[in-house]
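[1] got a structure for you, letters missing:
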C-alpha cells in the first residue's frame, strides 16, 4: 500500500523558515526542512531538480538512523527504509546553505507499507534557539579532509556545526539564518549583497518576502558574526561603525524577540575585532546580552578545513564551550 502526501500539510511540521508555496515547500536555510510521523516501512521524498545544476544535500533521520543524501538533476527522489513496518519519526532537512538563491524544493512525500499512513502532527520541543551567522554557522568546509580547495556542497554539513550540536544537546527546536561571506557592517572582500541584519528579516533568499518574527519566538539567539567584517587593519572610524552596526542589530532583535537572551560568539577563525565586539556588548550592561570569545582554529592542530574554516574537529571543540555557556544563560541542564 502506498499513499501520497501533498504539500504543505497540516500534519507536517516545517522546521526553520520556508517558502510555503501552494503545492510545495522551498527551503533555503541550513537545517530547514520537515518533521513528521508515519506508519509504514518506506518513505520517499520527491524534489524538483535544483537550478544551475547544483548538488544539494539533505539529511534524513528515521527514528535514530541518519542518512546524508544528494539531490541533483540526476537524483530527485530520495528513498529511505525504516527498520520495520510500524510507527516512525522522520526529519528531512537541507544540509548545506543557499547558494546563488537556489532553493531545495520538496514537491511531495510518499509512504509505503501495510496500512501506510501519515500520523497526527508530532509535538515540537519546548526549547527554542535562533542561530544567526555566516559560513561558520552554515558548516562551510566541515567535512574537508586537509585544507581543501574552496567551496563544495559535498564538504558542507550544517548538522555538524557547533550550533547544531548545541541545539541537539539541549533537544531544542532551532532556526538557522546564515550565509557564507556575510557580515554585520560589511561583507567579505566588500562583496555587495544583503548583510546579516538585512537577510535576518527575510523568509528566504530565493523568495525574499518579509519574515513574520512572531512565528518563532526563541528563548535564546546565538549570533556568530564579525569574521567577514574585518580586513585586519580597520581604522578607529571603521571600528566605531562596526560597533554601531552591532548595537543597531541587537536592538532590532530585542524589538522582535523581547523575551530572548542573546549570545554573540566570535573568534573561531579570527579575533581582529574582539575588542570592538566586547565593547559593544558590554555597553548593553545586561546579563541578557552576553559575549563568548572562542579560541581560533589557528591555535590547534588539525582543526582547519576548506579555506581555513573550522572542520569537524574544531566544531566539536567549540560545541563544548557553547553548550556550557548556553546552560549558564538559560538554566537548561547540561
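    Looks like it came in fine. Because the structure is predicted, anything quoted here is derived from the model rather than measured. Numbers count the residues shown, from 1 in each chain.
[2] for the rest of this, base every contact and every neighbour count on C-alpha atoms.
    Fine.
[3] in the chain, where's the longest strand?
    Secondary structure of the chain read by DSSP state E shows that its longest strand is strand 77-94.
[4] report the distance from that strand to the chain centre.
    Offset of strand 77-94 from its chain centre (Cα atoms, centre = their mean, to the nearest Å): 22 Å.
[5] just use 3 as the starting number from now, easier for me
    Sounds good: first residue 3 from here, last item strand 79-96.
[6] so which residues make contact with that strand?
    17, 29-49, 58-65, 71, 73, 106, 115-116 (Cα atoms under 8 Å, 6 or more residues apart in numbering).
[7] okay, now the sheet partners of the following helix or strand past it, with direction.
    The first helix or strand that comes after strand 79-96 along the chain, using DSSP states H and E, is strand 106-114. Sheet pairing of strand 106-114 (DSSP bridges) gives strand 4-8 (antiparallel), strand 27-29 (antiparallel), strand 35-49 (antiparallel).
[8] tell me how far residue 199 lies from residue 193.
    Per Cα to Cα, to the nearest Å, residue 199 is found 15 Å from residue 193.
[9] between these two, which has more neighbouring residues?
    Legend: neighbour count by other Cα atoms under 10 Å for residue 199 and residue 193, higher for residue 199 (21 against 13).
[10] quick check: that one is in a strand.
    No: Residue 199: not assigned to a strand; according to DSSP: H, G, I helix; E, B strand; the rest coil it is helix.
[11] now do the contacts for it.
    Residues counted as contacts of residue 199 (Cα under 8 Å, 6+ apart) are 186, 251.
[12] at 6 Å instead, please
    With Cα atoms under 6 Å, 6 or more residues apart in numbering as the criterion, no residue contacts residue 199.
[13] per-residue pLDDT, it?
    We have a pLDDT of 98 for residue 199.
[14] and for residue 307?
    Per-residue confidence (pLDDT) for residue 307: 89.
[15] report the separation between it and residue 331.
    Distance from residue 307 to residue 331, by Cα to Cα: 30 Å.
[16] just residue 4 next, same as before
    Between residue 4 and residue 331 the distance, using Cα to Cα, works out to 47 Å.
[17] list the buried ones in the longest helix seen in the chain?
    Scanning the chain for the helix with the most residues, using DSSP state H, yields helix 238-258. Neighbour-count burial for helix 238-258 flags 241, 244-245, 247-249, 251-252, 255-256 (criterion: 16 or more other Cα atoms under 10 Å).
[18] same question, stretch 277-296
    For stretch 277-296, the neighbour count (16+ other Cα under 10 Å) marks 278-280, 282-283, 291-294, 296 as buried.
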